[in-house]
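Q: Give me the fold of what follows.
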Amino acid sequence: MAQKVTGGLIRDVFLDTIREILYFPVWWYTRGLLRAGSFSWQRIKNMELRLGVKVWVVNIFKPMFGQRDIAGVLISFFMRIFQIIGRTLVLILWTLVMILVFFIWIILPILVILGIILNLAAA
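A: Sure, this is the predicted structure:
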């Protein structure tokens, strides 16, 4: 009886492992791809919130520290312009990094399989 249970258990574990190995590429390019895309998009949105580009743009014509004289308005305006440009460049760079991460997700299994094949062929 114990051999029958053990044999069935080993068979089930083996079949389940084979199923998981065969299902992996399907998951990677369906649900996994959606999760990777969602991850990248959330990181871009979080960085935009951290940088506050929208806040700087909305307040571009408001004088800083309540100084309403011409010098205060001009200094505030140009300071905000520099801040908007710098923060936008950082956001663009971060977006490019996250796009790169997403494309690495897409190409990684292909590179792993290619590496395995090349190493097996070299042996």
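Q: if I pick residue 25, what's in contact with it?
A: residue 109 (C-beta atoms under 8 Å, 6 or more residues apart in numbering). Any C-beta I mention is one placed from the backbone N, CA and C, and that applies to glycine too.
Q: quick one: it from residue 36, how far?
A: Residue 25 is 14 Å from residue 36, where distance means C-beta to C-beta, to the nearest Å.
Q: Give me the neighbour count for residue 77.
A: When neighbours are defined as other C-beta atoms under 10 Å, residue 77 has 15 of them.
Q: who's in contact with the residue nearest the centre of the chain?
A: Closest to where the C-alpha atoms of the chain average out (C-alpha atoms, centre = their mean) is residue 40, at 2.5 Å. Residue 40 sits next to 98, 99, 101, 102 when contact means C-beta under 8 Å, 6+ apart.
Q: For it, which non-adjacent residue is spatially closest?
A: Using C-beta to C-beta, 6 or more residues apart in numbering and skipping the chain neighbours, the partner closest in space to residue 40 is residue 98 (4.2 Å).
Q: just checking, what packs against the strand or helix carrying residue 93?
A: According to DSSP states H and E, residue 93 maps onto helix 70-122. With contacts taken as 3 or more C-beta pairs under 8 Å, 6 or more residues apart in numbering; DSSP states H and E, helix 70-122 sits against helix 2-29, helix 31-51, helix 53-58.
Q: Can you point out the buried residues in the last one?
A: Buried residues in helix 53-58, counted by 16 or more other C-beta atoms under 10 Å: 53, 56.
Q: which other residues reach it?
A: Contacts to helix 53-58, defined as C-beta under 8 Å, 6+ apart, come from residues 48, 80, 83, 84, 87, 88, 91.
Q: Let's see if you can find the most crowded of the residues you listed.
A: residue 87 (19 neighbours).
Q: can you pull the pLDDT of residue 64?
A: Looking at residue 64, its pLDDT is 86.
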